[in-house]
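Asker: for reference, the sequence and a predicted model appear below.
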Amino acid sequence: MNIFAVAAGFTMAFVMMQIISFNVEGQGGLAATSTTSSISITEVSVINVTTTGGFLSVDYIVIGSEIICYTGRTGTTFTGLTRGCRDTDAQTHAAGVRVYNETTSVMNQVIGFNIAETMSTSGPIRVVIMVPRALMHAVPKLIQWDYSYLEGDLLGTFPLAYFKYIVLYPLSGAFIMGFAVIMINVFMGIARIFTG
């Protein structure tokens with residue numbers, strides 16, 4: 001069996017599961033915006049942002065290293081806030097800082113840095129040097145993907161958390177292994193070009 005085909009299959013399965021998860025949630029999978037006013041450490045009523053398009057109706061947002069749970073949203077605000085969710089610390093935030101949803105936050109953490117900002121401040125050579133460190137940071141984030149939509153029970157009897165542990169986490173691990181195999185093949189191909 002071709003290991004490349006197996007790796008590609010796991011990668012495709014992972015992507016399909018993400019698409020399904022976004023459809024189950026009913027809203028967009030990737031969403032990012034920015035704050036339009038500063039946020040004090042004690043603010044628990046509303047966060048003003050440019051737009052809430054693509055964010056779930058009830059979920060959490062990531063600002064810096066703080067996770068903020070919310071229970072409602074309008075076109076430009078998140079309401080019903082719980083500061084310092086998921087074992088993070090409440091912090092003050094300035095106007096204009098980036099606000100991510102779960103998926104975009106994970107993608108940002110997978111990269112480990114904002115590519116556009118890094119290229120403009122450090123140059124493209126520095127970006128290439130930083131990629132291996134970013135990938136080492138990415139592996140545990142992808143393996144421990146937070147399939148937060150799988151809460152509750154299926155038909156009132158089967159806890160959906162079991163599906164997460166039995167199917168989705170192993171699928172995430174297989175995705176990482178498949179990605180590693182693909183990257184090894186890519187780098188070996190590049191090495192063959194230079195070594196003849």
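Answerer: Alright, I've got the coordinates. Numbers count the residues shown, from 1 in each chain.

Asker: what residues go with each domain of the chain?
Answerer: Domain segmentation of the chain under automatic domain parsing yields 1-28+102-196, 31-100.

Asker: for those domains, which has the smallest mean pLDDT value?
Answerer: With a mean of 62, domain 1-28+102-196 has the lowest mean pLDDT of the domains of the chain.

Asker: for the helix or strand encompassing Phe179, buried residues please.
Answerer: Using DSSP states H and E, Phe179 maps to helix 169-195. For helix 169-195, burial by neighbour count (16 or more other Cβ atoms under 10 Å) applies to 171-179, 181-182. Yep, even glycine has a C-beta here, placed from its N, CA and C like the rest.

Asker: next one: stretch 46-65
Answerer: 46-47, 49, 52, 54-56, 59-63.

Asker: can I get the residues you listed in a markdown table with secondary structure?
Answerer: Output for the buried residues of stretch 46-65, formatted as a markdown table (DSSP: H, G, I helix; E, B strand; the rest coil):
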| residue | secondary structure |
| --- | --- |
| Val46 | strand |
| Ile47 | strand |
| Val49 | strand |
| Thr52 | coil |
| Gly54 | coil |
| Phe55 | coil |
| Leu56 | coil |
| Asp59 | strand |
| Tyr60 | strand |
| Ile61 | strand |
| Val62 | strand |
| Ile63 | strand |
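
Asker: going by distance to Cys69, which of the buried residues of helix 169-195 wins?
Answerer: Top of the list for closeness to Cys69, among the buried residues of helix 169-195 and by Cβ to Cβ, is Ser172 at 23.3 Å.
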